[in-house]
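Novice: the sequence isn't on hand, but the structure is:
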């Protein structure tokens, strides 16, 4: 049935469990930061440096919560971010190095 785009009940349950496990792990490792009017103001001020409004909201939230590090796969955001930013791969490798673990496969 997969060739028709259908997913088995067991696969759907597994996918849901995996998604919730990923969210739980992200919650352990990161800080969720909401958006408020001050973020909108900061995002607008970032427009001259970076034209992506959604990225600017991420930057504003990172600035407001004094984030140590912003982790993203958005290479343009990494280049323009006024706070320290790394790709997921680079952040994983950095953490592995700090813990004397082998680096993640590229």
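Specialist: That came in fine, so what should we check first? Just so we're clear, the structure is a prediction, and the values are computed from it rather than from any experiment. Numbering: from 1, shown residues only.
Novice: for the nearest residue to residue 87 once chain neighbours are set aside, grab the count of nearby residues.
Specialist: Excluding the flanking residues, the one nearest residue 87 by Cβ to Cβ, 6 or more residues apart in numbering is residue 73, at 5.8 Å. From N, CA and C alone the C-beta is placed, and that goes for glycine too. Residue 73 has 9 neighbours, counted by other Cβ atoms under 10 Å.
Novice: the one 3 residues further on too?
Specialist: Counted with other Cβ under 10 Å, residues neighbouring residue 76 total 12.
Novice: wasn't it part of a strand?
Specialist: No. Counting by DSSP: H, G, I helix; E, B strand; the rest coil, one finds residue 76 to be helix, located in no strand.
Novice: one step back: pretty sure the residue nearest to residue 87 contacts residue 88?
Specialist: Yes. The pair residue 73 / residue 88 is scored as a contact, 5.6 Å apart, by Cβ atoms under 8 Å.
Novice: tell me the bridge partners for residue 86.
Specialist: Under the criterion DSSP bridges, residue 86 forms beta bridges with residue 71.
Novice: next, work out how far apart the spatially most central residue of the chain and residue 14 are.
Specialist: For the chain, residue 72 is the residue whose C-alpha lies nearest the centre (Cα atoms, centre = their mean; 4.6 Å). Distance, residue 72 to residue 14, using Cβ to Cβ, to the nearest Å: 27 Å.
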